[in-house]
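Novice: Quick one, fold the following:
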Amino acid sequence: MRHYDCAVIGSGPAGQKAAIQIAKLGKSVCVVEKAKFVGGVMVNTGTIPSKALREAVMHLTGHTKRALFGGNHRVKRDITIADLASVSQNVIRNEWNMIQDAFDRNNVDLIWGAARFEGPNLLVIERESSSEMITADKFILGVGTQPARPDSVPFTKDQVFTSDGMIGLDRIPKTMIVVGGGVVGTEYACIMATLGVRVTLVEGCSQVLGFLDAEIAEALQFHMRKMGVTLRLNEKVDEITLQPSNNGDGPLVGAILQSGKILTAQTLLYAVGRQGVCRKLGLENVGLEFDDRERLQVNENYQTSIEHIYGVGDVVGFPSLASASMEQGRIAACHAFGAEIHTMPELFPYGIFAVPEISMVGKTEQQLTEAGIPYEAGIARYSEVARGQLLGDDIGMLKLLIHQETRKVLGVHCLGTGATELIHIGQAVMALEGTVDYFIHNVFNYPTLAEAYKIAALNGVNKLCHV
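Specialist: Predicted coordinates:
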């Protein structure tokens, strides 16, 4: 029976980084993966496929160049699923190779099979035709989640599906209903609308992406509507049905809202919540409990109530982002083996690859107001930046939230081309406890989007000085 200093369950972003960090500390470590491929949801059905799909759509539709070359600019007139899928598969295969190479180089054992606890330090790993047992001193659970599939929803392969089913569509539909205005629902609604699909998004709250700064969310919603997305906010779906069509397009999906409205479309993406998979792990054999969505409760070091077991990634809930999961895995690994670590979870950035893309770090205006912190907002619009015009992006904006007394940067919010890259400049300044004056006195390359920081800083300081 093999024994390890640590066994990591799940090869997604959290598990990968945890295992490699443990190996760097000179400890023996294995990763147990039940799927046929490494990478978890991030590589196989979630982050990478959806972002590859987005990049293919943005390129083939010519969306990013329409402001420069006209609304009819398009790289390919008739776009097929095959056009979109080929990009995704190339990236996925490359990620598989990189992950396995990283495991090999760091002497991380990769064990295929489904893991289940048989005792506090004992795992049984089951395969189709065999099984084995291993022991470990410590365990890190990075098992991830899967899309919620309520019994009341009549899921099918090509009409009513979750985000996992989006990757397997065999055609581009004319119409789609998206239920859920979280990250997954919003991103896919934007991607499909960019393709020309007539999308209706249903969200139970008053705005999509409820954790966003309200002004940024409002701007996103404006542009979604401009792309043709119909937003049904403050609405909930009562019933989803399959019904025949009278127009020759095949069967339709009907969504009956609590308000009495009836929506119909060729397809429906159900993107309301995700469900953990802890029930299959035998956690009752170690005395570890999980909530009704099979998520684990952890402390600031991602340690569960059982001292030698940690939980990282989507299984611990919000923010459920690949970038945050990677850092959670590293933190857990270092804590488990007493290694010194410096991390700033309050400055984890958020990246949403909608159209346009969005990113944020730090506090929102609403959070600062509720906390009674005096602040001023400085705003720059891409239309004021030469690089924005060269890129054909006339809708982007960058917002800095500045403490009125200390002039420290409390939050950065960006919408538009390169937002998820641009955010890291503000993140670095905040991590070093910098003030808005850094942006005013610093010189940025011209023409770049980074200049927006200087414009936003000057705008905010002018307000502070009543200019």
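
Novice: residue nearest the centroid of the chain?
Specialist: residue 321 (4.3 Å; C-alpha atoms, centre = their mean).

Novice: residues contacting that one?
Specialist: Contacts for residue 321 (C-beta atoms under 8 Å, 6 or more residues apart in numbering) come out as 183, 348, 350, 351. C-beta coordinates here come from the backbone N, C-alpha and C atoms, glycine included.

Novice: tally of neighbours for the first one?
Specialist: Right, residue 183. 24 (other C-beta atoms under 10 Å).

Novice: Now do the same contact list for it.
Specialist: Going by C-beta under 8 Å, 6+ apart, residue 183 touches 209, 320, 321, 352.

Novice: Roughly how far does it sit from residue 19?
Specialist: For residue 183, the distance to residue 19 equals 26 Å [C-beta to C-beta, to the nearest Å].

Novice: Likewise for the last one?
Specialist: When C-beta to C-beta is the yardstick, residue 351 and residue 19 sit 24 Å from each other.

Novice: So those two - more neighbours on which side?
Specialist: Using other C-beta under 10 Å, the more surrounded residue of residue 351 and residue 19 is residue 19, with 29 against 20.

Novice: Which helix or strand contains that one?
Specialist: Using DSSP states H and E, residue 19 falls within helix 13-24.

Novice: With only the CA atoms kept, save that helix in CSV.
Specialist: This file holds the C-alpha atoms of helix 13-24, laid out as CSV (Å, rounded to 0.1, in the frame of the first residue of the first chain):
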residue,chain,number,x,y,z
PRO,A,13,-6.7,24.4,-10.7
ALA,A,14,-6.8,24.2,-6.9
GLY,A,15,-5.5,20.6,-6.8
GLN,A,16,-2.8,21.2,-9.4
LYS,A,17,-1.3,24.1,-7.5
ALA,A,18,-1.6,22.5,-4.1
ALA,A,19,0.2,19.3,-5.4
ILE,A,20,3.0,21.2,-7.0
GLN,A,21,3.5,23.4,-4.0
ILE,A,22,3.7,20.4,-1.7
ALA,A,23,6.3,18.8,-4.1
LYS,A,24,8.3,22.0,-4.0
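
Novice: Which positions in stretch 105-119 come out as buried?
Specialist: Using 16 or more other C-beta atoms under 10 Å as the test for burial, stretch 105-119 gives 108, 109, 111, 113, 114, 115, 116, 117.

Novice: before we move on, what about stretch 134-147?
Specialist: Across stretch 134-147, burial judged by 16+ other C-beta under 10 Å covers 134, 136, 138, 139, 140, 141, 142, 143, 144, 145, 146, 147.

Novice: what sits up against the helix holding residue 19?
Specialist: With contact meaning C-beta under 8 Å, 6+ apart, helix 13-24 is reached by 5-6, 8-9, 29-31, 38-40, 42, 99, 102-103, 106-108, 140, 142, 144, 310, 312-314, 322-323, 325-330, 332-334, 336-337, 339.

Novice: The next helix-or-strand element following that helix versus helix 13-24: what angle between them?
Specialist: Going down the chain from helix 13-24, the next helix or strand is strand 29-33, by DSSP H and E. Here strand 29-33 runs at an angle of 160 degrees relative to helix 13-24 (axes from the mean of the first three to the mean of the last three C-alpha atoms, to 10 degrees).

Novice: Figure out the helix or strand that the closest residue in space to residue 384 that isn't next to it in sequence lives in.
Specialist: The shortest distance from residue 384 to any non-neighbouring residue, by C-beta to C-beta, 6 or more residues apart in numbering, is to residue 455 (5.7 Å). Here residue 455, judged by DSSP H and E, is contained in helix 451-464.

Novice: where does the stretch 51-200 of the chain have low pLDDT?
Specialist: Under the criterion pLDDT under 70, the flagged ranges of the stretch 51-200 of the chain are 63-78, 80, 82.

Novice: ranges for the strands of it?
Specialist: Ranges of strands in the stretch 51-200 of the chain, per DSSP state E, counting those that start in this stretch, are 109-112, 114-119, 122-126, 131-141, 145-147, 160-161, 175-179, 198-203.

Novice: So what touches the helix holding residue 455?
Specialist: Outside helix 451-464, the residues that touch it by C-beta under 8 Å, 6+ apart are 376-382, 384-388, 396-400, 402, 404, 407, 414, 422, 425-426, 436-437, 439-440, 442, 444-445.

Novice: for that helix, which positions count as buried?
Specialist: 451, 452, 453, 454, 455, 456, 457, 458, 459, 460, 461, 464.

Novice: Switch these over to a markdown table; also include distance to residue 369 and pLDDT.
Specialist: Shown next, in a markdown table, are the buried residues of helix 451-464 (distance: C-beta to C-beta, whole Å; pLDDT from 0 to 100):
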| residue | distance to residue 369 | pLDDT |
| --- | --- | --- |
| 451 | 29 | 97 |
| 452 | 24 | 97 |
| 453 | 23 | 98 |
| 454 | 26 | 97 |
| 455 | 24 | 97 |
| 456 | 19 | 98 |
| 457 | 21 | 98 |
| 458 | 24 | 97 |
| 459 | 19 | 97 |
| 460 | 16 | 97 |
| 461 | 20 | 96 |
| 464 | 17 | 91 |
